[in-house]
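Novice: From the sequence below, what's the structure:
(chains A and B)
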Amino acid sequence: MKLNKTTLTIGAVVLLILPLIAGQFGNAWVRIIDIALLYVLLALGLNIVVGFAGLLDLGYVAFYAVGAYMFGLLASSQLTDTFPGIAAMFPHGLHTPWWVVIPLGALLAGTAGMLLGAPTLKLRGDYLAIVTLGFGEIVRVFMNNLDAPINITNGPKGITGIDDISMFGVHFGKTGSFMGLEFPKVTNYYYLFLALVLFAIMVCYRLERSRIGRAWMAIREDEIAAKAMGINTRNLKLLAFGMGATFGGVAGAMFASFQGFISPESFSLQESVIIVAMVVLGGIGHLPGVIVGALLLSALPEVLRYIAGPLQQLSGGRLDASILRQLLVALAMIGIMLSRPRGLWPSPEHGKDSTPDTLPVSPHMHLAPGEQIPPVVTHIKPDAQ
Amino acid sequence: MSETVLKVSGVSKRFGGLQALSEVGITILKGQVYGLIGPNGAGKTTFFNVLTGLYTPDSGTFELGGKPYTPTAVHEVAKAGIARTFQNIRLFAEMTALENVMVGRHVRTNSGLIGAVFRTGGFKAEEAAIAKRAQELLDYVGIGRFAPYKARTLSYGDQRRLEIARALATDPKLIALDEPAAGMNASEKVVLRGLINQIRNDGRTILLIEHDVKLVMGLCDRLTVLDYGKQIAEGTAAEVQSNPKVIEAYLGAGGH
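Specialist: Just a heads-up that it's a prediction; the model follows:
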């Protein structure tokens, strides 16, 4: 896909003023966009594991949790309340700066990703999905129960009072003003998340078109053939798990700081499933598709609030709005998968970048003048002996 | 005297009660097309899989280009210099023809994550070299114009050729082709024979496992015939053809 300068400029301007326009209708709208951006970050990370390397991971939310708790613990009063020793070391409270916590969260999540990857290397498909699902639950249950005997995570009550991020003198939690415009917290975070998402897109885009990315895709397509081409599938799978988890960790840290509160409830299996759904629904392995999928599935339930409400009134209150909303989301997903089984925006039938727009769909139509059409051979696979 | 590319000896492999291979050994010289034939179930594919690290042999010594190697991990064997194709074509179906061959360069290149993310100069140069070499190889096997198409959209014969191009991309000391003519019609076989000849004439060494005796006899410099896991004959095509044991294995004892 070629982007020309005009499209890029228009896109950039729209992205820059979007929160200012949405803010006119209330900060709740900007908040929806913020959360959608976080989901884009998560979906992009999961896409490395599921889309590029073809490893179905149903416990991805665990890395989100790891990042979030990392931030929560290092930038709130949770640890200083529990451990007098730490309180003594930090008389002004534990407020670790972002440039320590975010890389640390990414590193920790990446390590957790590799730890999960190591025992699952020989598993594929359904079996891998079950193990990763279990891993995701283990992390959540841990967070839920690590309040006794020593209160580390505060259990189901969660961690409150998590710091807002402040970098380069800009305090993201406070409303600032610039050139006569008001920048409330949600708008500040919008720009932060947008920058992260753009960085993540760049990383994914470049990885896809690299030696490592091709090796991942080779593993996805045919692991035995990939090995026969000299690809060390063990190391590359671990790398995919680690790399994907890193994105989750950063998104988690952002989430913790944005919400100011985290509890194990935010990291349920449901979340993992939704993120997988975003990747699959959008177009597995195709970056624009994954982004669209994430935006759609995170924004759709919010938008449907405005439809489910009136529907509830129409039915005289017999239909519950929240259930109706879930029903509509489910119906939308079924509808999309029925009409577009490869996702909303799947990778194109023929190649990427270098493909000219005029390329015919079948290779045999791409002949020089006067060239003979090669004989069409049906794909008969000989039986193995 | 030409140098030895592959020298294996005493290779045995047992699956439960079945002695799939017993004391098989071959020596392939540089520039040779070496054939491995035998009736169904003779152990050709088993031998092939042992050689390329897919199965662990019970015994045997292995030497590639004068250096001993242990076929324990498939990717290590590829790195050591044996590239293979598969009896049932195994391409990366959703990747383009060019990308398929580019994957073949993986083992001879080394840029990593950091280079890819920051697009370092070294990364860009290497990436350009990979793409250039891949296109050259596609042209070499005669499917250069299909470079931007997904592998699965290619015809059967072209998929074979793509697989060979991908194997060539690993700069192998030995190319091992597992029944490349399987499922091909007569005219495709002629093209395939031309391609194998061309690869040999360019100084490469080929191990050919084949069912099609006609193809093998016309192409191979030397042959080994397997039957029930045993090596029943070794020599030039003419020698093997007149060997009574081979005739017996193929046509049955007692004659007609």
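Novice: How many neighbouring residues does the residue lying closest to residue A:211 once chain neighbours are set aside have?
Specialist: Nearest residue to residue A:211, sequence neighbours excluded (CB to CB, 6 or more residues apart in numbering or on different chains): residue B:111, at 5.3 Å. C-beta coordinates here come from the backbone N, C-alpha and C atoms, glycine included. Other residues within reach of residue B:111, judged by other CB atoms under 10 Å in any protein chain shown, total 18.
Novice: what do you get for the one 3 residues further on?
Specialist: Using other CB under 10 Å, residue B:114 has 9 other residues around it.
Novice: Equivalent analysis for residue A:253, please.
Specialist: Using other CB under 10 Å, residue A:253 has 31 other residues around it.
Novice: That one and residue A:70 touch, don't they?
Specialist: Yes. The pair residue A:253 / residue A:70 is scored as a contact, 6.3 Å apart, by CB atoms under 8 Å.
Novice: what residues do the two have in common as contacts?
Specialist: A:101, A:105 (CB atoms under 8 Å, 6 or more residues apart in numbering or on different chains).
Novice: what comes into contact with the lowest-mean-pLDDT helix or strand in chain B?
Specialist: When each helix and strand of chain B is scored by mean pLDDT, DSSP states H and E, helix B:244-251 comes last, with a mean of 82. The list of residues contacting helix B:244-251 from outside it, by CB under 8 Å, 6+ apart, reads B:38, B:39, B:42, B:213, B:225, B:227, B:232, B:233, B:240.
Novice: from the stretch 1-150 of chain A, which residue is nearest to chain B?
Specialist: residue A:54 (9.9 Å; CB to the nearest CB).
Novice: Which of the three states applies to that residue?
Specialist: Here residue A:54 is coil, with the state taken from DSSP: H, G, I helix; E, B strand; the rest coil.
Novice: Neighbours of it, how many?
Specialist: 23.
Novice: now it: how far from residue A:233?
Specialist: As defined by CB to CB, to the nearest Å, residue A:54 lies at a distance of 11 Å from residue A:233.
Novice: Give me the common contacts of the two.
Specialist: By CB under 8 Å, 6+ apart, the residues touching both residue A:54 and residue A:233 are residue A:219.
Novice: Can you spell out which helices and strands pack onto the strand or helix carrying residue A:290?
Specialist: Residue A:290 is located in helix A:287-314, with elements delineated by DSSP states H and E. Other elements packing on helix A:287-314 under the criterion 3 or more CB pairs under 8 Å, 6 or more residues apart in numbering or on different chains; DSSP states H and E are helix A:27-46, helix A:185-208, helix A:269-283, helix A:321-339.
Novice: Nearest residue to the middle of chain A?
Specialist: Central residue of chain A (CA atoms, centre = their mean): residue A:42, 1.2 Å from the mean position.
Novice: Go ahead and confirm that one touches residue A:246.
Specialist: No. Using CB under 8 Å, residue A:42 is not in contact with residue A:246, being 11.6 Å away.
Novice: of the contacts of helix B:244-251, buried ones?
Specialist: Neighbour counting by 16 or more other CB atoms under 10 Å in any protein chain shown classes B:38, B:42, B:213, B:225, B:227, B:232, B:233, B:240 among these as buried.
Novice: and the two most separated of these?
Specialist: Across those, no pair lies farther apart than B:213 and B:232, at 14.5 Å, counting by CB to CB.
Novice: Excluding chain neighbours, give the residue nearest to residue A:224 in space.
Specialist: residue B:90 (6.4 Å).
Novice: and that neighbour, backbone torsions?
Specialist: phi -120, psi 90 (degrees, to the nearest 10).
Novice: what does the stretch 151-256 of chain B put close to chain A?
Specialist: On the criterion CB under 8 Å from any CB of the partner chain, chain A has as its neighbours in the stretch 151-256 of chain B the residues B:153-158, B:166, B:170, B:179, B:182-183, B:185, B:187-188.
Novice: For these, pick the one with the most neighbours.
Specialist: residue B:166 (31 neighbours).
Novice: Who are the contact partners of residue 102?
Specialist: You didn't pick a chain, so chain A it is. A:71, A:250, A:253.
Novice: that's the other chain; I wanted chain B
Specialist: A:214, B:130, B:131, B:134, B:169.
Novice: Next: residue A:46.
Specialist: Taking CB under 8 Å, 6+ apart, we find residue A:46 in contact with A:57, A:60, A:244, A:247, A:248, A:275, A:276, A:278, A:279.
Novice: Correct me if wrong: residue A:305 contacts residue A:325.
Specialist: Yes. Under the criterion of CB under 8 Å, residue A:305 makes contact with residue A:325 at 6.6 Å.
Novice: In terms of neighbours, single out the busier of the two.
Specialist: residue A:325 (21 against 13).
Novice: Can you pull the poorly scored residue ranges out of chain B?
Specialist: Low-confidence segments of chain B, defined by pLDDT under 70, are located at B:1, B:253-256.
Novice: Which phi and psi values does residue B:239 adopt?
Specialist: Taking degrees, to the nearest 10 as the convention, residue B:239 sits at phi -60, psi -50.
Novice: And for it, the neighbour number?
Specialist: 13.
Novice: helix/strand/coil for whichever residue of the stretch 151-300 of chain A sits closest to chain B?
Specialist: Nearest residue of the stretch 151-300 of chain A to chain B, counting by CB to the nearest CB: residue A:230, 3.0 Å away. Classification of residue A:230 using three-state DSSP returns coil.
Novice: That one contacts residue B:107, doesn't it?
Specialist: Yes. Between residue A:230 and residue B:107 there is a contact under CB under 8 Å: 3.0 Å.
Novice: Show the contacting residues for the residue nearest to the spatial centre of chain B.
Specialist: Chain B has residue B:176 as the residue nearest its centroid, 1.4 Å off, counting by CA atoms, centre = their mean. When contacts are counted by CB under 8 Å, 6+ apart, residue B:176 touches B:48, B:51, B:52, B:82, B:83, B:84, B:85, B:206, B:207, B:209.
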